[in-house]
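Chemist: Sequence plus predicted model, see below.
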Amino acid sequence: TMQSRSFTFLLAAMRSATLAAGFVSPPPISSISGVRAIGGTNLNASTMKELAEKVLVNPKFPPEWPFSPEDFMRQDESDDTIFYDQPRLVYHIDDFAVDALTKYYAEHLKDGDDVLDICSSWVSHYPKDFNGGKVVGLGMNEYELSQNKQLTSYDVKDLNAECVFPYDDESFDKVTCVVSVDYLNQPQKVFDEIARVLRPGGE
């Protein structure tokens, strides 16, 4: 069944920690080497890296979804298509993050993989030598998607307006989502769709 399927999401977004914070109890600061509290806790760069690496080591998931629809309400509830009507061919993460993300993909994407990139745009940050099967982008702006040279096809869809993906069950090996999960106002439904379109053992 879909519930018993073993998969992980390549939700490679630092800002996804905002959502994860609702589920995860991070390790105590005192358990992490090199942390000293002098009038407060000193979190240097290496400490932050260690915290980030351990945040999902022992996650404690609540028995039920802990959020209400009101938790995802925004100050501006106008139609998202208004904002995304204008193409923006820019990076939303810095060069170091792009490099780290591409290296991560190089370790997890295999040639021939059918990949779905949700909340996609003009760049997916996959390795240049990645030779995927069908690589599909699902995003908001048609021109941005048309400029993504790593996609074999794309579809325009506002997932905040309607969460159902326009794809068959078990049709992808991998699903990626970069620096966009925090924009979703119905993330649980989107994750259910990710589970639906992934093949058994998919990520």
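Modeler: Yep, that arrived. None of these values were measured; they are calculated from a predicted model. Numbers count the residues shown, from 1 in each chain.
Chemist: the helices in this protein, which residues?
Modeler: Secondary structure of the chain by DSSP state H: the helices cover 17-20, 45-54, 80-84, 95-108, 142-146, 187-197.
Chemist: can I get the ones you listed in JSON lines with distance to residue 130 and mean pLDDT?
Modeler: All C-beta spots, glycine's among them, are computed from the backbone N, C-alpha and C. Listed next are the helices of the chain as JSON lines, based on distance: least, C-beta to C-beta, whole Å; pLDDT from 0 to 100:
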{"stretch": "helix 17-20", "distance to residue 130": "26", "mean pLDDT": "38"}
{"stretch": "helix 45-54", "distance to residue 130": "25", "mean pLDDT": "79"}
{"stretch": "helix 80-84", "distance to residue 130": "26", "mean pLDDT": "73"}
{"stretch": "helix 95-108", "distance to residue 130": "7", "mean pLDDT": "92"}
{"stretch": "helix 142-146", "distance to residue 130": "18", "mean pLDDT": "94"}
{"stretch": "helix 187-197", "distance to residue 130": "20", "mean pLDDT": "95"}
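Chemist: what residue ranges in this protein are flagged as low confidence?
Modeler: The model of the chain has pLDDT under 70 over residues 1-43, 83, 89-90.
Chemist: ok so, going back, can you lay out the helices of the chain as CSV showing mean neighbour count and distance to residue 116?
Modeler: Listed next are those as CSV, based on neighbours: other C-beta atoms under 10 Å; distance: least, C-beta to C-beta, whole Å:
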stretch, mean neighbour count, distance to residue 116
helix 17-20, 15, 19
helix 45-54, 12, 26
helix 80-84, 14, 19
helix 95-108, 14, 14
helix 142-146, 17, 13
helix 187-197, 18, 6
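Chemist: how about TSV for these, with distance to residue 74 added?
Modeler: Below are those laid out as TSV (distance: least, C-beta to C-beta, whole Å):
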stretch	distance to residue 74
helix 17-20	13
helix 45-54	26
helix 80-84	10
helix 95-108	25
helix 142-146	22
helix 187-197	13
